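# pasting a predicted model and its sequence here:
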Amino acid sequence: MEAQAAEKVIVSVEYILKNGIATKEEAEEVGILLKRACKAYYEEDVKLMSDDDFDLLNEIYERFTGEIVSGSKGTASMEHGYQRMMNTLKKAKSLEEFEEWLIPVVKDIFGSSLDLDRDIIEMGLSDKMDGNSVLVEYALGKATRAVTRGKDGMGVDVTSMFSERTIQLNLTCGVKYEAMVRNSKMPEVSKLRGKELVDARSAITGILGRDNGQKYAQFIDLFPIDVSLEHRNLKREEVLELLDELHGDSSPNCSFVKISGTVRQVIAKIKEIYDRNIEGRLGRDHGVDGLVIEFLDEAIRERLGWHQGTSTYPKYARALKYPAYEKKTVALRMEFDIGTTGRITPCVVFKPVVINGRTYQRTSIANYRRFMQMKVGEGMKLLFSLAGDVIGYLDVLNVPENVGIEPWKFAETCPECGAGLHVNENGTYVYCKNPECDALVAGKLLKWVKKNGFKGIAESTLSKLIAEGFLSNVPSIYQFVHNQAMKDRASEIDGLGETSISNFANIILSQTKIKDYIVLAVTSPEGIGRTGCKPICKNIPLSKMFELAQAGRMDELVPMLIEQEGVQDVNAQKIVKGLTSDLMKWAFANGFISIEETYSEAKEAAKTGMNICVTGKLNSGSRDQLVARLEAAGHTFHKSVGKNTNILLTNDATSGSDKNEKAKKFGVEVLSEDEVIARLGL
């Protein structure tokens, strides 16, 4: 009976965190649990526990066994010769814990005569990027193979993802990187993966080692951390200098800084940097979860050495973790919101959690597909985390307590008007079926107001005018502002008044010339914006597109649209819907507004300006700097090569890249950086 009781409590994270490990058998079970958590996270995109709980459990395990369990992507599949570089780091969860490591170390270095206010130390600090470790091997400057961190010199083969990578010196070496996905790229990666992703760390974990991984390569940034040469050992400061030489100023980097001073001064400086970074890290486009702090003196590094065991880590360095932006909580209820497009969004209300001084108790589930995957129900244990700039995100914890809880069902009717709902074609979003739903009407009017830049018109004003029957669509806005009797009646609405109505009318009447690309963006379904419509209208007159659409000549119109840069068939079909909409017909026929076409303006500008696409590494500075110079000289930067591209700028015309191949296909002139600068006089 006692053995059975022990078996039950060992598998509980809460039990071990509260009581610790008492026996060898318990330690073995905890080791298994930690390894399962690593496997679930790195290979299955599933969390068995929070990051905080994993670190605490690992700490308890280390105190009993002297070892730690570290994560790695996949099982052994490819051997490499840079085992020492692909190590893990011992973590400190707070400044106090960091000092508990540092002070005994410096006492060992300086002996009993240590004076914290006199003895000088030198340390290096860098960002601990929250990604996945990848080793890329180069031969004469070109990548030959790449592997993830594994064990015993083995890792998962990810060569196909990084085979086009190069370094700026013709060296044969191995470089350790932290592979990252930008938070701003998460929507595009989610679309490719076919599942909603918010946590960039989980995104890179799910990408590495996939059979079709190469299609994700464009979204991966590599932060160089370490380098090893074949026949020469490098000092740490030589490593840092070489990394800069290999990758240049435009490469992502871990913001390395060197600090020196008395022990107490160094601790104070670390605290200053730590506190400052905690405040600013959420706004960064790449995830950073701590500082890497290391001794730089080679004699000290050699003296402290390495821990050798199930995990290998340097004793001369520590990863000082920032406070986790995640907390465990419990689901309380499900609510459903409706947006201005008529989209229904499920929102989970949970037990309040406090992160970085702010309380969170409600967050949305991104879409219908994820709602169905999560299967959230009342009382379920959840993990709430912040991703990017304070975006709340929920995961259902894979724990026994959640088994058997009945998940909530999706709403069957619109929370605004009570009408039925429908799921879109790809099963991602749910919409209200009622085209007259107040929320949908408000959304259409708000879209017109925002796209046209009508500043000073509040959403609440539109909602009140809709509720009282004054507004029902875009044309009704112009009928309203030209009808004094209607304006007089509207000024009696509670919360508006004569001044508000007068301001509303003046704002609308101040701008009656509307750009063609704005009209096209507003009339088209969701997903078509001004940025995408502007180049289309520069190349094709809106009046011509409208004429073809009204005549039903889709066999001419659709191919014409697909030829435009960045327009796929699905977007072409959406644009056609906009061109055949009642609002587009009104825009061409009404007497209130006129459409300004940008086609003639673009043709005039094309006489002097060139459309230029840039690919590969540059010699004269960063890509942003070059693009700024091009645009300042009247040229246009293209993100990809298309029929309207005049020049592809590349310093490696034989690379076989996608842009080089498209340049051949479309007959685009290919020039080097120096040739472009000389020709255009930049």
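All right, it came through fine. Numbering: from 1, shown residues only.
# check contacts around the closest residue in space to residue 454 that isn't next to it in sequence.
Excluding the flanking residues, the one nearest residue 454 by CB to CB, 6 or more residues apart in numbering is residue 507, at 5.2 Å. For the C-beta atoms, the positions are set from N, CA and C on the backbone; glycine is no exception. Residues in contact with residue 507, defined by CB atoms under 8 Å, 6 or more residues apart in numbering, are 454, 455, 456, 457.
# next, give phi and psi for residue 507.
Taking degrees, to the nearest 10, you get phi -60, psi -40 for the backbone angles of residue 507.
# for it, give its distance to residue 479.
16 Å (CB to CB, to the nearest Å).
# residue 253 too?
In terms of CB to CB, residue 253 sits 58 Å off from residue 479.
# and those two? Which one has more around it.
More neighbours surround residue 253 than the other of residue 253 and residue 479, with 18 against 15 (other CB atoms under 10 Å).
# SS state for that one?
For residue 253, the reduced secondary structure class is coil; criterion used: DSSP: H, G, I helix; E, B strand; the rest coil.
# pLDDT at it, what is it?
Note for residue 253: predicted pLDDT of 87.
# please list all residues in contact with it.
The contact partners of residue 253, by CB under 8 Å, 6+ apart, come to 223, 224, 243, 247.
# try residue 612
Contacts of residue 612 (CB under 8 Å, 6+ apart): 630, 635, 636, 637, 638, 645, 646, 647, 648, 649, 676.
# in helices, which of those residues fall?
630, 676 (DSSP state H).
# show me the contacts of residue 612 that map onto strands.
Judged by DSSP state E, strands contain the following of the contacts of residue 612: 636, 637, 638, 647, 648, 649.
# quick check: closest non-adjacent residue to residue 220.
Nearest residue to residue 220, sequence neighbours excluded (CB to CB, 6+ apart): residue 179, at 5.4 Å.
# tell me, how many residues neighbour that neighbour?
Applying other CB under 10 Å, we find 24 other residues in the vicinity of residue 179.
# what's the per-residue pLDDT of the closest residue to residue 489 other than its chain neighbours here?
In space, residue 489 comes closest to residue 470 once its chain neighbours are excluded; the distance is 7.8 Å by CB to CB, 6+ apart. For residue 470, the model assigns a pLDDT of 90.
# please apply the same query to residue 357.
66.
# all helices of the stretch 101-250 of the chain, in order?
Ranges of helices within the stretch 101-250 of the chain are 159-162, 186-193, 200-207, 236-247, based on DSSP state H, counting those that start in this stretch.
# no, scratch that, I was asking about the stretch 451-600 of the chain
Ranges of helices within the stretch 451-600 of the chain are 459-467, 474-481, 484-490, 498-509, 516-523, 530-539, 542-550, 554-562, 569-579, 582-589, 599-606, based on DSSP H, counting those that start in this stretch.
# picking that back up, any idea how far the residue nearest to residue 220 is from residue 248?
According to CB to CB, residue 179 stands 19 Å off from residue 248.
# please name the strands paired to the helix or strand encompassing residue 360 in the sheet, noting orientation.
Element membership of residue 360 [criterion: DSSP states H and E] is strand 358-364. Sheet partners assigned to strand 358-364 using DSSP bridges are listed as strand 343-355 (antiparallel).
# and the strand it pairs with, which residues are buried?
By neighbour count with 16 or more other CB atoms under 10 Å, strand 343-355 contains the buried residues 343, 344, 345, 346, 348, 350, 353, 355.
# next: stretch 433-448.
Neighbour-count burial for stretch 433-448, counted by 16+ other CB under 10 Å, picks out 434, 437, 439, 440, 441, 442, 443, 444, 445, 446, 447, 448.
# the first one and residue 419 touch, don't they?
Yes: the pair formed by residue 434 and residue 419 meets the contact definition of CB atoms under 8 Å, at 3.6 Å.
# dump the C-alpha coordinates for the host helix or strand of residue 450 into PDB.
Per DSSP H and E, residue 450 falls inside helix 438-451. Extracted C-alpha coordinates of helix 438-451, given in PDB (Å, rounded to 0.1, in the frame of the first residue of the first chain):
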ATOM      1  CA  ASP A 438     -25.500  46.600 -36.000                       C
ATOM      2  CA  ALA A 439     -21.900  45.300 -35.300                       C
ATOM      3  CA  LEU A 440     -21.400  44.600 -39.000                       C
ATOM      4  CA  VAL A 441     -22.800  47.900 -40.100                       C
ATOM      5  CA  ALA A 442     -20.600  49.700 -37.600                       C
ATOM      6  CA  GLY A 443     -17.600  47.800 -38.900                       C
ATOM      7  CA  LYS A 444     -18.200  48.800 -42.500                       C
ATOM      8  CA  LEU A 445     -18.600  52.500 -41.600                       C
ATOM      9  CA  LEU A 446     -15.600  52.400 -39.300                       C
ATOM     10  CA  LYS A 447     -13.500  50.900 -42.100                       C
ATOM     11  CA  TRP A 448     -14.400  53.700 -44.500                       C
ATOM     12  CA  VAL A 449     -13.600  56.300 -41.800                       C
ATOM     13  CA  LYS A 450     -10.300  54.800 -40.800                       C
ATOM     14  CA  LYS A 451      -9.000  54.000 -44.300                       C
END
